[in-house]
Structures are given as structure tokens and as C-alpha cells.
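> Give me coordinates for this.
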Amino acid sequence: MSTAVRDQSGREQSGPRTGTMAQALNLALRDAMRADKTVHVLGEDVGALGGVFRITDGLTAEFGPDRCLDTPLAEAGILGTAVGMAMYGLRPVVEMQFDAFAYPALEQLFSHVAKMRNRTAGKLPLPITVRIPYGGGIGGVEHHSDASEAYYAHTPGLHVVTPATVADAYGLLRESIASDDPVVFLEPKRLYWGKDGWDPAAGVEPIGKAVLRRPGSSAVLVTYGPSLPVCLEAAEAARAEGWDLAVLDLRTLVPFDEATACEVVRSLGRAVVVHESAGFGGAGAEIAARLTEKCFHHLAAPVLRVTGFDVPYPPPMLEHHHLPGVDRILDAVARLQWEE
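All right, here's what the predicted structure looks like:
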């Protein structure tokens, strides 16, 4: 993987820098396209406009409309086109404008993208990266704030990746594009504009590796993507209650880093899984089940979950009630059967 980083004018940069997640994703796409001419970007408004969140800004100007191309408003057609491109040796990167907009493409994703390598006994991989802005927190209306990671994680044959830091946004997207397996790359859109220091040349943990973002001695908050910042905030607030909370960022739902998650949970004996999507049948249900099965004799309390409610995404004025917040997380921690 190339470590050269360039700004949007094409000037090469190196070493530590400060930027937003949106900028890191743009640079990851740019560097991947510079390093490999088979990498093509396609989607609605990704060309001249630069994407609805400007993640693809400047790519058409640098690489031309044949490598960063606008498509019709037809998600099934976009992904179907990417299947054909990948079968002929290209590495397409598809952008779906919003999570719920991707639903018309699920048949292509589930029936062909996820199954092709298995169907051909490994002879025909489909190195497709499907970028999907997801989650709430931006005051978006229905169809603009869904968190549908459980659909993708439930589908064998797909990797499911979701960065929560600027460094991971760059590194994990480069890793995803380089993968010969199809990757659903879920981008927390409320984190697009948060700035952080990062060094692209330093590298990141690969796909399939969780990272302990905050050590602790009382319990662990297990989370990913858009819920990482609120878990870190909750961990800080928990000090006033006498709790020292660890925070584990999964980074990748598939493959799931069971070894790291179990190691942390066994050492602490108490865990709360936190995510934005609905609780029933959500990714947290599978995570909690696995942790319970693998760590049962080490648990001092049941593995709890703090999630979005089991309702369609609410209007913007109500989303702060719907999304997991510090108070709901600390309430769950308080129910972890603490000894007097």
C-alpha cells in the first residue's frame, strides 16, 4: 500500500498532519487511484460535484470522467455495473449517497457480490468497495440516517468495515480497496468533519483487528463507528461515579475480532455493547451472544446493550432521544450488578 499522501491540489505531503475524516477519505481514494490504474470510482454525483459530502472532490479533474464517473440515480444499476467491472479486472469503488439509498442494490450485493467468489470456487473474486455514509447525528430526515450494518454483517462473503477515527478512515479505506474480497465500507457521516492529528505513513491496524481506545479496570464499552466518541465521553463522565471504563473500538464487524474482544471482556468481567442501530436483531445482539458464549465463566454480570430504539428513524427534533447518549450508557453500566 502506498504511503504517499497528497493534498487536493496534488502536492505530495508526508509526516503527521491534522485533517478531517472527509479529507482523509478523499486522500485515500486519490492515493489508491494514483497507485493502481484499475481503481475506478462511480456513483451518483461523485464526478463534477465531488459527492454530496464532497468525499470525491477533485477526483474527476485529476483522473478524468472515465475513472471517476457520475451514474444515473439507480443503485441496483450502479452496483451491477461494478460487478461487471470487477469481473473484467477493475477495482471499482462505489458510493451510495446515504445508507437507506443503498437498499435497491441489496439484491446485487447479496446475490452476486457476496457469492461470486464462492460460486466460482475462488477463481473469480470481486474486489469491490461499497462506500456508504451511515448513521444519524446530522439532523437528517428519514432515508438519510439509517444504520443498516446488521444487513451486511449477516451476509457471508462480505467484509464490513466502519472507521471511527481520521487515521482509520484513511488506512482502512486503502486496505479495503486493496482487498480481493468485497467490502462494505460504512462511513459515520456525523464524524466527517471532526478534525484529528494523523500520520498516514504510520499505518493502522488491518481489517479484522479491534483496538482498545481507552484502558479501564471496571467494565468495557464495546462499540464501533459513530458511537465511539459518545462512549469515550461516557467513560470520562463515569469517573464521577467511581467507574473506570475501558472502550473497545471494533473497527470491523466482519471479520469480527473475537480474540481481542474476549480478552478484554474476560479481564474485566463486565461489558456493554453500544451502537446506533435498532436493538432487536442488531449487530450488538450477535456481539453480546458471542461474548456470553465465549466468556461466560468470566462474567460478573450479563452483557448489556445500549442501542437505538426499535422504530423507524425519527424526525430530526427527536434524534437526540433515539441515539445512545452518555446518560443511557451510564444507566446500563449502573445495572452491571456491582458489589456493595
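
> Can you give me the distance of the nearest residue to Val113 once chain neighbours are set aside to Leu232?
When the adjacent residues along the chain are set aside, Val113 lies closest to Pro182, with 4.8 Å between them (Cβ to Cβ, 6 or more residues apart in numbering). Bear in mind the C-beta positions are built from the backbone N, C-alpha and C, glycine included. Distance, Pro182 to Leu232, by Cβ to Cβ, to the nearest Å: 31 Å.

> And the helices in the stretch 201-340 of the chain?
All helices of the stretch 201-340 of the chain, identified by DSSP state H, counting those that start in this stretch, fall at 228-237, 258-268, 283-295, 319-322, 326-334.

> between these, which gets nearest to Ile132?
Nearest of the helices of the stretch 201-340 of the chain to Ile132, taken as Cβ to Cβ: helix 283-295 at 14.5 Å.

> Any buried residues in the closest one, and which?
Neighbour-count burial for helix 283-295 flags 283-288, 290-291, 295 (criterion: 16 or more other Cβ atoms under 10 Å).

> what would those residues look like in CSV with distance to His321 and pLDDT?
Shown next, in CSV, are the buried residues of helix 283-295 (distance: Cβ to Cβ, whole Å; pLDDT from 0 to 100):
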residue, distance to His321, pLDDT
Ala283, 21, 97
Gly284, 19, 97
Ala285, 22, 97
Glu286, 25, 97
Ile287, 24, 98
Ala288, 23, 98
Arg290, 29, 97
Leu291, 27, 98
Cys295, 32, 97
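
> The strand ranked longest in the chain - contacts with which helices or strands?
In terms of residue count, the longest strand belonging to the chain (DSSP state E) is strand 271-278. When contacts are defined as 3 or more Cβ pairs under 8 Å, 6 or more residues apart in numbering; DSSP states H and E, strand 271-278 sits against helix 149-153, strand 219-223, helix 283-295, strand 304-308, helix 326-334.

> Now render those as a markdown table, adding distance to Pro188.
As requested, the helices and strands packed on strand 271-278 are exported to a markdown table (distance: least, Cβ to Cβ, whole Å):
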| stretch | distance to Pro188 |
| --- | --- |
| helix 149-153 | 11 |
| strand 219-223 | 11 |
| helix 283-295 | 14 |
| strand 304-308 | 14 |
| helix 326-334 | 17 |
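
> Between these, which one is closest to Val161.
Across the helices and strands packed on strand 271-278, the minimum distance to Val161, taken as Cβ to Cβ, is reached by helix 149-153, at 9.8 Å.

> which residues are contacting the closest one?
Residues outside helix 149-153 that contact it (Cβ atoms under 8 Å, 6 or more residues apart in numbering): 106, 109, 134, 158, 160, 162, 184, 186, 225, 253-254, 275, 277, 281-283, 286.

> could you redo the last one with a cut-off of 6 Å?
158, 160, 184, 186, 253-254, 282-283 (Cβ atoms under 6 Å, 6 or more residues apart in numbering).

> Please apply the same query to stretch 106-117.
With contacts defined as Cβ under 6 Å, 6+ apart, stretch 106-117 is touched by 76, 79-80, 83, 124-126, 128, 155, 157-158, 182.

> repeat that for 8 Å
76, 79-80, 82-83, 87, 102, 124-126, 128, 130, 151-152, 155-158, 181-182, 184.
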